[in-house]
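1. Show me how the following folds:
(chains A and B)
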Amino acid sequence: MKSFRVLYAFLSLLILIAAGIPYGTASAAAEPASGKVYQIGTDVTFAPFEFQDASGNFVGIDMDLLDAIAKDQNFQYEIKPLGFNAAVQALEARQVDGVIAGMSITDERKQKFDFSDPYFKSGVVMAIREDQESIKGYEDLKGKKVAVKTGTEGYSFAESISAEHGFTIVPFDDSAQMYDDVKTGNSVACFDDFPVLAYGVKQNNGLKIVTDMEPGASYGFAVSKGQNQELLQKFNAGLVNLRASGEFDRIQEKYVGENAPSPANQSRMGLVIESLPYLLKGLGKTLLLTIVSLFFAFFIGLIFGFMKVGRNKWLRGIATVFVDIFRGIPLLVLAFFIYFGIPQAFGFTMSPLVAAVLTLSLNAGAYVTEIIRGGIQSIDPGQLEAARSLGLPYRKAMMKIIIPQAIKIMIPTFINQMVITLKDTSILSVIGMVELTQSGKIIIARTFSSFDIWLTVAIMYLIVITILTKFADRLERKVRHG
Amino acid sequence: MAKIRVEGLKKSFGSNHVLKGIDMQVEEGEVVCVIGPSGSGKSTFLRCLNRLEDITAGKVYVHDQNINDPSIDINKARENVGMVFQHFNLFPHFNVLKNITFAPVELGKQNASEARASALKLLERVDLSDKAEAFPSQLSGGQKQRVAIARALAMNPDIMLFDEPTSALDPEMVGEVLGVMKYLASEGMTMIIVTHEMGFAREVADRVIFMDGGYIVEEGPPEKVFGSPEHERTISFLEKVL
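-> This next block holds a predicted model:
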């Protein structure tokens, strides 16, 4: 079938393009070292270890350290800012070669990963709101809520003492959200690694540290167990060299020392204006994702939609199963399954862009299938009978008589689906897509200004969706009136 | 040679047996009116004659061709059999002219200008020359049905099937449609008409078929079926409608 060939060609093209696009704002080592480019997963919002500066570059202790080691050991790498949980899962799924993300070396993690020598000694502290006085220690937490970041040492520590002190744990995916929960008063305190919290306090995140550091695990660079051993050795060797040369201390001093930079005294408006180019870049990615995914969703919907209204009961069955599956799986689960699950099961890597487009296309494709089926079936069967009685073949009758009428009926629901898909792109931030929502998250991780940035992000979505809806209204009117 | 020959035709929808064994034939130029109570299978029978319904058993020959034989080109066979529907089924996104010219042009019977010329002639025949550019939504029911007849005639069929062509019309519009059909009959068109218009059937039909319960109960010239029906069910039906 012609349409299948076209679809196949476009799919191949997309994969080629996606493979060719270097993902994210990677800072690869400059030396033209021979051999492979290591894919290194990291967190997006773990200042001072990794975060993006105002111009969108990934900076922080981990980033500078990796860069220095790569130069010292002459290897190339590419940073994949996936978020902590996603980065760890990606390492398990061998989607990345290593993870550097302020990752504590624990016995549990040693089951699955091989760690480098520890490069940073850390430990958990507790922080509360700046203006709070009543919480002085763990014993004051009774009956209260405590914010923690999932998968961190802070989480494990909070869990270990929660029964004893009688508080409830509220889990978050990144530090900024955790701080915001304390700032807004939902939780009275949070637990996090000392350097991270200390840096946040210095950046005016609105909290203060009230406990001494609990002796904790050290941070290490991780690879999958038994994999990439040469990368691990290079990391260790580089670490020894940097410590010897004093470079290591300079990097630490730059971020957590006495003379570490505290935020420029910037107005709220100034911050928003400064963030706009970065947010607009995210919006661009959001629109790209939406358009490409809807394009494929439309093809998928056409194929399965026609199968569903067709006369072959096997094809009808296949289309029904397709719709049931992809309408029945939450988008978030589908994204995780495609990006982490499938590559892990079959042992290959998939770029986040391909995974994101695949996820959205399949999800929206299921809905578009139903829109097309509904549109076609809403046309009086007498139309097809009249066309067939004149001797027109089924295909011709569908294309010239049924479809043009059905499209008019479908347009409003199509527009609705476009708006939904556009908003759904925000969910793909979980697999490291730096679209508009993720861009906002990244800025907040650095600046802790939730209100201003989320407001800006919301307005940007609103503007785009309003323009889309207005355009759709005009299109609809035009189609209806000839 | 019979234009249409039906042998032992049965049609079921699941466990609902609508046609239970129909045998009949239609000669060239014959006008056959099919009457009977609702649910008697009249419309289903008509729809079996151009395979809008797949049949359950029996044979239907049109132009001596078994139309349910999978090896025949049903689209080709349908070109010679025009059909007019109760609810007109005009294409709402085309104007009147395009409704008529669409099939002959699309199927390569005529080029666009030939099709246009013959469509205008057909519109003249159904007395709607002034509506060529109108859209179906701008026409009355009677006008729609006359366009539908013109559309069917545009393929130049030699058999016309009418499925209750006046049932959806306001009473004052029935006459104009029946007028066109009478004209067609007078030109010698082979016609099978499912209808509730007993006066029309009596006047125009060469033969009237009374169907009930999935069978042909009685058939014959109109004066016989209407004047001296033999079967009890025919009598009671005619008593109700006349």
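2. Can you tell me how far the residue of chain B most remote from its centre is from chain A?
-> Relative to the mean C-alpha coordinate of chain B, counting by C-alpha atoms, centre = their mean, the farthest residue is B:Ser113 (28.1 Å). Taking C-beta to the nearest C-beta, to the nearest Å as the measure, B:Ser113 falls 20 Å from chain A. For the C-beta atoms, the positions are set from N, CA and C on the backbone; glycine is no exception.
3. OK, now which residue of the stretch 151-300 of chain A is nearest to chain B?
-> Of all residues in the stretch 151-300 of chain A, A:Phe298 sits closest to chain B, with a separation of 21.2 Å (C-beta to the nearest C-beta).
4. mind listing what that residue touches?
-> A:Val368 (C-beta atoms under 8 Å, 6 or more residues apart in numbering or on different chains).
5. Double-check that it belongs to a strand.
-> No. Going by DSSP: H, G, I helix; E, B strand; the rest coil, the assignment for A:Phe298 is helix, not a strand.
6. which bits of chain B sit near chain A?
-> B:50, B:52, B:75-76, B:78-79, B:81-83, B:85, B:87, B:89-93, B:102-103, B:106-107, B:148, B:151-152, B:155 (C-beta under 8 Å from any C-beta of the partner chain).
7. hmm, 7 Å instead?
-> Chain B comes close to chain A at residues B:50, B:52, B:75-76, B:78-79, B:83, B:85, B:87, B:89, B:91-93, B:103, B:106-107, B:155, as judged by C-beta under 7 Å from any C-beta of the partner chain.
8. Quick one, which of those are buried?
-> B:50, B:52, B:75, B:78-79, B:83, B:85, B:87, B:89, B:91-93, B:103, B:106-107, B:155 (16 or more other C-beta atoms under 10 Å in any protein chain shown).
9. And the residue farthest from the centre of chain B, which helix or strand is it part of?
-> In this assignment (DSSP states H and E), B:Ser113 forms part of helix B:112-125.
10. now the most centrally placed residue in chain A, nearest residue through space, not along the chain?
-> Nearest to the geometric centre of chain A sits A:Ser429, at 2.3 Å (C-alpha atoms, centre = their mean). Leaving aside its chain neighbours, A:Ser429 sits nearest to A:Gln438 (3.7 Å; criterion: C-beta to C-beta, 6 or more residues apart in numbering or on different chains).
11. Low-confidence ranges, chain A, go.
-> A:1-34, A:258-266, A:480-482 (pLDDT under 70).
12. Break it into its domains for me.
-> Domain assignment for chain A by the TED database gives A:37-119+A:220-256, A:121-217, A:268-481.
13. Now do the end-to-end distance for the first one.
-> Between the start and the finish of domain A:37-119+A:220-256 there is a gap of 30 Å, counting by C-alpha to C-alpha, to the nearest Å.
14. quick one: that domain to chain centroid distance?
-> In terms of C-alpha atoms, centre = their mean, to the nearest Å, the centre of domain A:37-119+A:220-256 is found 19 Å from the chain centre.
15. Pull out the buried residues from the longest helix seen in chain B.
-> Counting residues, the longest helix found in chain B (DSSP state H) is helix B:171-186. The neighbour-count check on helix B:171-186 (16+ other C-beta under 10 Å) flags B:Met173, B:Val174, B:Glu176, B:Val177, B:Leu178, B:Val180, B:Met181, B:Leu184, B:Ala185 as buried.
16. Same list (the residues you listed) but as JSON lines, adding pLDDT.
-> Formatted as JSON lines, the buried residues of helix B:171-186 follow (pLDDT from 0 to 100):
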{"residue": "B:Met173", "pLDDT": "91"}
{"residue": "B:Val174", "pLDDT": "92"}
{"residue": "B:Glu176", "pLDDT": "93"}
{"residue": "B:Val177", "pLDDT": "94"}
{"residue": "B:Leu178", "pLDDT": "94"}
{"residue": "B:Val180", "pLDDT": "94"}
{"residue": "B:Met181", "pLDDT": "95"}
{"residue": "B:Leu184", "pLDDT": "94"}
{"residue": "B:Ala185", "pLDDT": "94"}
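17. rewinding a little: would you check that the residue nearest to the centre of chain A makes contact with A:Glu435?
-> Yes. With contact defined as C-beta atoms under 7 Å, A:Ser429 reaches A:Glu435; the gap is 6.4 Å.
18. Strands of chain B, start to end?
-> B:2-13, B:16-27, B:31-35, B:57-62, B:65-66, B:81-84, B:159-163, B:190-194, B:207-212, B:215-220 (DSSP state E).
19. So what's the residue count around the residue nearest to A:Phe322 when sequence neighbours are not counted?
-> With sequence-adjacent residues excluded and distances taken as C-beta to C-beta, 6+ apart, A:Phe322 is closest to A:Phe304, at 5.4 Å. Neighbour count of A:Phe304, defined by other C-beta atoms under 10 Å in any protein chain shown: 25.
20. Relative to chain B, how far out is A:Phe304?
-> 25 Å.
21. Contacts only, for that residue.
-> Neighbour list for A:Phe304: A:Ala319, A:Phe322, A:Val323, A:Thr369 [criterion: C-beta atoms under 7 Å, 6 or more residues apart in numbering or on different chains].
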